[in-house]
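K.L.:
Okay, structure incoming, though there's no sequence with it:
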């Protein structure tokens, strides 16, 4: 089985976003830990929207910048480092949040638990050969 191209991934993401919004996070997405994250392009300032898995941690959501094991951090992560104010769509809610990359002991504990609960992230980490950022999305 071949890996999808960037064009394939963009088309899959476009369709996922469209369907997610049409069903307001319900329908085929009911019960799935999926959110839509919109960041501002670090160069263009234009909005960039990406569907992704999340983990609920206390009163905020966590997203992992694994890019399915790619060797570089995903664009959405690089964007939020410049402009941490993001838009989150989860279920039928849409809100502004501040994206905060976790660090130190907090990161270590969260990443360990995430890999325990979702072993495929260990595979992503190994394939990427880099530290996989874990980002807390804190509702404003």
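P.N.:
Great, that's in hand. Note that the coordinates shown come from a computational prediction; the quantities given were computed from them, not determined experimentally.
K.L.:
Strands of this protein, start to end?
P.N.:
Secondary structure of the chain by DSSP state E: the strands cover 34-40, 47-53, 55-57, 60-64, 85-90, 93-101, 134-139.
K.L.:
Present the ones you listed as TSV; the columns should include distance to residue 108.
P.N.:
Every C-beta, even on glycine, is put in place using the N, C-alpha and C of the backbone. Below are the strands of the chain laid out as TSV (distance: least, C-beta to C-beta, whole Å):
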stretch	distance to residue 108
strand 34-40	24
strand 47-53	20
strand 55-57	14
strand 60-64	14
strand 85-90	24
strand 93-101	13
strand 134-139	10
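K.L.:
so which of those strands gets nearest residue 11?
P.N.:
Closest to residue 11 of the strands of the chain is strand 47-53 (C-beta to C-beta; 12.4 Å).
K.L.:
Show me what the closest one is packed against.
P.N.:
Under the contact criterion of 3 or more C-beta pairs under 8 Å, 6 or more residues apart in numbering; DSSP states H and E, strand 47-53 touches helix 6-22, strand 34-40, strand 60-64, helix 75-82.
K.L.:
So which of these is nearest residue 114?
P.N.:
Between these, strand 60-64 lies closest to residue 114; by C-beta to C-beta that is 6.4 Å.
K.L.:
what pLDDT, on average, does the closest one get?
P.N.:
Across strand 60-64, pLDDT averages out at 97.
K.L.:
Can you mark which positions in that strand are buried?
P.N.:
Of all the residues in strand 60-64, those buried under the rule 16 or more other C-beta atoms under 10 Å are 60-64.
K.L.:
Out of the helices and strands in this protein, which is least certain?
P.N.:
helix 6-22 (a mean of 86; mean pLDDT, DSSP states H and E).
K.L.:
List the buried residues for that one?
P.N.:
Neighbour-count burial for helix 6-22 [16+ other C-beta under 10 Å]: 16-17, 20.
K.L.:
which non-adjacent residue is nearest residue 27?
P.N.:
Nearest-residue entry for residue 27: residue 19, 7.5 Å, with adjacent residues in sequence omitted and distances by C-beta to C-beta, 6 or more residues apart in numbering.
K.L.:
ok, that neighbour touching residue 28?
P.N.:
Yes - here residue 19 reaches residue 28: they are 6.9 Å apart, a contact under C-beta atoms under 8 Å.
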